[in-house]
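Asker: Using only what follows, build the 3D model:
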Amino acid sequence: MIDWFLYHPDDPVDSRINVCSPAVVKLPFQSTFIKTADNVEINVVFIYQEKQKVCDAPTLVYFHGNAGNVGHRLLNVSEIYHNCGCNLLLVEYRGYGHSKGSPSESGLYMDAEAALSYLLEHPDVNKSKIVLFGRSLGGAVAVELCSNPNFSTHVSALIIENTFTSIPDVARILFDCRIVRLIPRWFYKSRFDSLSKISQVSVPTLFLSGLADELIPPSMMHSLYESSGSILKQFKSFDNGTHNFTWRCKDYYSVLNLFLCQSLQESNNKMHIVNEVVSKVNASNAYSTKCLTIPTNMLQVPSVLSTVSQQYEASNKRSAYVVDSRDSHSIETV
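Answerer: Below you'll find the model as predicted:
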């Protein structure tokens, strides 16, 4: 229901044929096709910093809105690249640009999962500095990925811009008639219910809201901010920011850059605390060895420390814990 207004891969009309390359804005890139869990080929474009910086730079996974293709975002991408010193992974949803398949809510979620999995295997990506960025529909995709426990531990921060609370909420505003207001939520094929998921997001989160947004009411961004489960969250509004062009507003990139610096530093600080605690446990035990595997970008330090403490007690003070800081989303003992 109402999916016809949600996905616009053919707007502009040649969007499935003509996709501008990052070479147009003189950015180095790798364009490739990857397969999703349901065997759909999608196009992802990795834009990287110069060789001496690429492995240390944060990588922004860029989820665009509901129309056009990744090439239509290159001016914004170029500014992020130069102002924030990021690598970027541009994700072309199924049915958009040169990607195969047809768009759907579950399909876009699988596209996002495949993109993150691709990054986690990329040799030039710092796995502890992966940040999700989503505008409008892309924000809903990013929230879903960041709230998924199978993937959230690989994410260091989240940025969403002019994103809606859910499709049913948007439909009731865009189609202000009694019939639409009476449609039950379960009747919608695509719901993208970010409001119910954002409470499960614990990583540092930046909310960017254009107050001149002519499509999504800024109040929806406020609702998402208030419902966010992150204790490190920031809300920034731009008086002249429209739905598609908030990124043209003054101070936009300085806000983005400051948040990236702060959130990634917070991630590093928390991992340092975890390593210190585990080192102390290791030093206090000398008889046997167990391996504690912790993701390098783990932000939920209290839960990690609790696990360390519980396993320490269970060992009766006779086993040593060793940190394996390779990327993992679980804590294991062997």
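
Asker: Can you verify residue 235 is assigned to a strand?
Answerer: Yes - remark: residue 235 belongs to a strand, assigned using DSSP: H, G, I helix; E, B strand; the rest coil.

Asker: Mind listing the residues bridging to it?
Answerer: Residue 235 forms beta bridges with residue 207, as assigned by DSSP bridges.

Asker: now it: how far from residue 265?
Answerer: Distance of residue 235 to residue 265, computed by Cβ to Cβ, to the nearest Å: 20 Å. C-beta coordinates here come from the backbone N, C-alpha and C atoms, glycine included.

Asker: So which of the two has more stuff around it?
Answerer: A count of neighbours by other Cβ atoms under 10 Å puts residue 235 above the other of residue 235 and residue 265, at 15 against 11.

Asker: Quickly note the distance from the more buried one to residue 206.
Answerer: Plainly put, residue 235 is 8 Å away from residue 206 if you go by Cβ to Cβ.

Asker: what's the answer for residue 106, then?
Answerer: Counting by Cβ to Cβ, the gap from residue 106 to residue 206 is 27 Å.

Asker: same thing with residue 45?
Answerer: In terms of Cβ to Cβ, residue 45 sits 23 Å off from residue 206.

Asker: Kindly report the same for residue 226.
Answerer: Residue 226 sits 15 Å away from residue 206, taking Cβ to Cβ as the criterion.

Asker: One more: residue 174?
Answerer: From residue 174 to residue 206 the distance is 26 Å (Cβ to Cβ).

Asker: what's the answer for residue 134, then?
Answerer: 11 Å.

Asker: Could you tell me which residues make contact with residue 161?
Answerer: Residue 161 makes contact with 133-136, 139, 207-210, 246-247, according to Cβ atoms under 8 Å, 6 or more residues apart in numbering.

Asker: which of these lies closest to residue 240?
Answerer: residue 210 (7.6 Å; Cβ to Cβ).

Asker: quick one, phi/psi of the closest one?
Answerer: phi -90, psi 120 (degrees, to the nearest 10).

Asker: List the contacts of it.
Answerer: Taking Cβ under 8 Å, 6+ apart as the test, what residue 210 contacts is 161-162, 218, 237-238, 240-243, 245-246, 249.

Asker: what's the answer for residue 45, then?
Answerer: With contact taken as Cβ under 8 Å, 6+ apart, residue 45 is in contact with 22, 29-32, 70, 89-90, 92.

Asker: can you pull the contacts of residue 260?
Answerer: For residue 260, the contact set (Cβ under 8 Å, 6+ apart) comprises 58, 84, 86, 131, 157.

Asker: Helices along the stretch 51-200 of the chain, start to end?
Answerer: Under the criterion DSSP state H, counting those that start in this stretch, the stretch 51-200 of the chain contains helices at 51-54, 74-84, 105-120, 137-147, 167-174, 178-182, 194-197.

Asker: Point out where the protein drops to low pLDDT.
Answerer: Within the chain, the stretches with pLDDT under 70 are 1-4, 175-190, 267-334.

Asker: Which residues are in contact with the spatially most central residue of the chain?
Answerer: Nearest residue to the geometric centre of the chain (Cα atoms, centre = their mean): residue 132, 2.2 Å. By Cβ under 8 Å, 6+ apart, the contact set of residue 132 is 60-61, 63, 142, 145-146, 155, 157-159.

Asker: at 6 Å instead, please
Answerer: By Cβ atoms under 6 Å, 6 or more residues apart in numbering, the contact list for residue 132 reads 61, 142, 146, 155, 158.

Asker: List buried residues within those residues.
Answerer: Neighbour counting by 16 or more other Cβ atoms under 10 Å classes 61, 142, 146, 155, 158 among those as buried.

Asker: And the strands in the protein?
Answerer: Counting by DSSP state E, the chain has these strands, from start to end: 29-35, 41-47, 59-63, 87-91, 130-135, 157-161, 205-210, 233-238, 288-293, 319-324.

Asker: Taking helix 105-120 as reference, get the angle to the fourth one.
Answerer: By that I understand strand 87-91. Put simply, strand 87-91 runs at 150 degrees to helix 105-120, going by axes from the mean of the first three to the mean of the last three Cα atoms, to 10 degrees.

Asker: what about residue 264, distance to residue 144?
Answerer: Counting by Cβ to Cβ, the gap from residue 264 to residue 144 is 22 Å.

Asker: Looking at these two, which is more packed in?
Answerer: More neighbours surround residue 144 than the other of residue 264 and residue 144, with 26 against 20 (other Cβ under 10 Å).
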